[in-house]
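1. coords please:
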Amino acid sequence: MPTLTSCIFENSNFTGGANCFSQPYGTGGWAWVTWTFGNRRASLARVRRDDEIEVALVPIMDTPANRNLIDGFLSGDADRITGIRAGMVPYSAVPYSSSHPTRHPPGRVLVDISFRVRIDLPWYCFVGDTRATIHYYVHVFLDGSGRVRANVDGWSWNRTESAGVCGGGVADELNDNVPDGMAPLQRALDTQLGLLSGFRFSDLYFLPGDGRTSGRDDVSEVRNEAALILIP
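-> Predicted coordinates for the structure are as follows:
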């Protein structure tokens, strides 16, 4: 039986927290979802086919192999301090979208792969260390033959803690080193997607959370947790 999934989002651009609820939806029947919207600003609903394949992104990205990959290209002063998060973000909410407005439609969903790092600082910075979140944005799509493909589209970082008088130097280091992770990440994605080379799909889309087909799925931040849904 098909499934009706309804999701409400914290922000009008489908970012922030989200709540999804799924239940069976029979042909010619009724399905209903009752929400108290509170601070939610946007909603999506979809009737899902029985044969769709749900792929939760965090379990396939936050693996020992991928952690080792990331640790390998981080600079000597930076250490990863979290696991790997993998969620969804519209292109309009990606930091570099304003500089490249025609690269993607504003509503195209990219995968946001992120992790936190601690950066050790010299004594003269007057703070022991600072922390940053590094993001890589991935465009997942189907090629002309229906195979799943992925391109590492870009990167960004954000820092919420002071780096003292060394703030400019830390920014320079991140701007120099974060792009170096794009090529290794692309190679890893190509290898992993090679396992699906024998399969063909007609379409794909994303949902917050793990893509479950029944019950409620509450997500504190859709950039950190989402599912890829593949339609045969």
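
2. When you work out contacts or count neighbours from here on, use the C-alpha atoms and nothing else.
-> OK.

3. Tell me where this protein is predicted with low confidence.
-> Applying pLDDT under 70 to the chain flags residues 31-37, 76, 126-127, 161-166.

4. Using CSV, list the CA coordinates for the strand ranked longest in it.
-> Longest strand of the chain, by residue count under DSSP state E: strand 129-142. The C-alpha coordinates for strand 129-142 follow below in CSV (Å, rounded to 0.1, in the frame of the first residue of the first chain):
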residue,chain,number,x,y,z
ASP,A,129,42.1,26.3,20.4
THR,A,130,39.1,27.1,18.3
ARG,A,131,36.4,25.0,16.7
ALA,A,132,34.8,25.0,13.3
THR,A,133,32.3,23.0,11.3
ILE,A,134,33.4,22.0,7.8
HIS,A,135,30.7,21.3,5.1
TYR,A,136,30.9,19.6,1.7
TYR,A,137,27.9,19.8,-0.6
VAL,A,138,27.1,17.0,-2.9
HIS,A,139,24.8,17.0,-5.9
VAL,A,140,23.2,13.5,-6.2
PHE,A,141,21.4,12.8,-9.5
LEU,A,142,20.5,10.2,-12.1
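
5. hmm, who's touching that strand?
-> For strand 129-142, contacts defined as CA atoms under 8 Å, 6 or more residues apart in numbering pick out 109-121, 148-163, 178, 182, 201-204.

6. Buried subset of the residues you listed as a PyMOL selection?
-> This is the PyMOL syntax for the buried subset of the contacts of strand 129-142, where burial follows 16 or more other CA atoms under 10 Å:
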select buried, resi 109+110+111+112+113+114+115+116+117+118+119+120+121+148+149+150+151+152+154+155+156+157+159+163+178+182+204
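
7. Can you list which of the contacts of strand 129-142 are found in strands?
-> 109-120, 148-159, 203-204.

8. Surely Pro2 and Trp30 touch.
-> No - Pro2 sits out of contact with Trp30 when judged by CA atoms under 8 Å, with a separation of 11.8 Å.

9. thinking again about what came up before, what distance separates the longest strand of the chain from the middle of the whole chain?
-> Per CA atoms, centre = their mean, to the nearest Å, the displacement of strand 129-142 from the mean C-alpha position of its chain is 8 Å.

10. Could you tell me the angle between that strand and strand 148-159?
-> Strand 129-142 and strand 148-159 are oriented at 160 degrees to each other (axes from the mean of the first three to the mean of the last three CA atoms, to 10 degrees).

11. Go through strand 129-142 and flag the buried ones.
-> In terms of neighbour count (16+ other CA under 10 Å), strand 129-142 has its buried residues at 129-142.

12. between those, which is closest to His104?
-> The nearest member of those to His104, counting by CA to CA, is His139 at 9.4 Å.

13. Bridging across strands, which residues link to the closest one?
-> Beta-bridge pairing for His139 (DSSP bridges): Asn151.

14. and the residue lying closest to Ala227 once chain neighbours are set aside, how many neighbours?
-> Nearest non-adjacent residue to Ala227, counting by CA to CA, 6 or more residues apart in numbering: Ala56, 4.2 Å away. A count of nearby residues for Ala56, using other CA atoms under 10 Å, gives 22.
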